[in-house]
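**Q** Need coordinates for the following:
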Amino acid sequence: MQWILFMLLLFNSMEMLTQNRRKKQAGAILFENCTGCIMCSEDNGCIACQQRLFLLIWRDGIRQYGACVHACPPGYFGVRGQEVNRCTKCRSLSCESCFSKDFCMKCKETFYLHKGKCFSVCPPNTTAQHGTRECKEMCETGPWTEWSPCSNERRTFGCKWGLETRVREIIRSTKEEAVSCPALLESRKCRLRKHCRGGEERDDAEETGFSLCI
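**A** Residues are numbered from 1 along each chain as shown. This is a model prediction of the structure:
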């Protein structure tokens, strides 16, 4: 029985020595990264940084570590405060560099940037720019005007068919976007109004009998 107790005590002692050794090794690694720290913990690394540095905190399992850095790494952005400057993580996992939690400035490789958001496929009315990995808005146009009077060679009366047109204007575009602008002019076939004897004017659809066109 005493021999069993002795073995248990010996095993526990060896386990404690192993844990202490690992703790010291981890502490040594953390202290190597304590450059720029005002306060540095053996268990958690940097707790406070020098004035111009940012405190970067990350987790490994249930443990939290800190380091002082000159610039925040990808996926983080720097926030300066009165007491401490921090590296804050971007909210979107597809964002590589952000201005704030919800405004991305650069997306990861397989995504496209549009208005501070990252998309795997560009939204409607935008086109993907593979070189810059951005979604550019296509030419934006205003509403259509009313259809013009039906005419044929500037004549609005007769026995022939004519054309009526409508137009719309570009509200916003760049030189590059102008190439992809939609149609700004539309035309369709129409029936000219007939000018009949007696000075009456009527549409072909309103005609109830024969009339002589001038």
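
**Q** Tell me the buried residues in stretch 90-110?
**A** Residues 90, 92, 94-98, 104, 107-108 are the ones in stretch 90-110 that count as buried (16 or more other CB atoms under 10 Å). C-beta coordinates here come from the backbone N, C-alpha and C atoms, glycine included.

**Q** part of a strand, is Cys68?
**A** Yes. Assessed with DSSP: H, G, I helix; E, B strand; the rest coil, Cys68 lies in a strand.

**Q** Please look at it and Leu53 and confirm they touch.
**A** Yes. Using CB atoms under 8 Å, Cys68 is in contact with Leu53, at 4.3 Å.

**Q** Show me the helices in this structure, by range?
**A** In the chain, the segments counted as helices under DSSP state H are 2-32, 175-178.

**Q** which residues sit in contact with the residue nearest the centre of the chain?
**A** In the chain, the centroid-proximal residue (CA atoms, centre = their mean) is Lys117; its distance is 2.2 Å. Contact partners of Lys117, counting by CB atoms under 8 Å, 6 or more residues apart in numbering, are 92, 104.

**Q** Swap in 10 Å and give it another go.
**A** 92, 94-95, 102-104, 107, 111, 123, 135 (CB atoms under 10 Å, 6 or more residues apart in numbering).

**Q** so can I have a markdown table of those residues showing pLDDT and distance to Ile57?
**A** Putting the contacts of Lys117 into a markdown table (pLDDT from 0 to 100; distance: CB to CB, whole Å) gives the following:
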| residue | pLDDT | distance to Ile57 |
| --- | --- | --- |
| Ser92 | 92 | 19 |
| Ser94 | 93 | 22 |
| Cys95 | 94 | 19 |
| Asp102 | 92 | 20 |
| Phe103 | 95 | 21 |
| Cys104 | 95 | 21 |
| Cys107 | 94 | 24 |
| Phe111 | 95 | 26 |
| Pro123 | 90 | 34 |
| Cys135 | 92 | 33 |
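
**Q** Show me where this structure dips below the pLDDT cut-off.
**A** 1-33, 159, 172-180, 195-214 (pLDDT under 70).

**Q** Would you map out the domains in it?
**A** Structural domains assigned to the chain are 2-89, 102-137, 141-203, following automatic domain parsing.

**Q** and Glu169, what are its phi and psi?
**A** The phi/psi pair for Glu169 (degrees, to the nearest 10) reads phi -110, psi 160.

**Q** Setting aside sequence neighbours, what's the nearest residue to it?
**A** Gly142 (4.9 Å; CB to CB, 6 or more residues apart in numbering).

**Q** is Ser41 in a bridge, and if so with what?
**A** For Ser41, the beta-bridge partners under DSSP bridges are Gly45.

**Q** hang on, the earlier thing: what touches both of Cys68 and Leu53?
**A** With CB under 10 Å, 6+ apart as the test, Cys68 and Leu53 both reach 35-38, 46, 85, 87.
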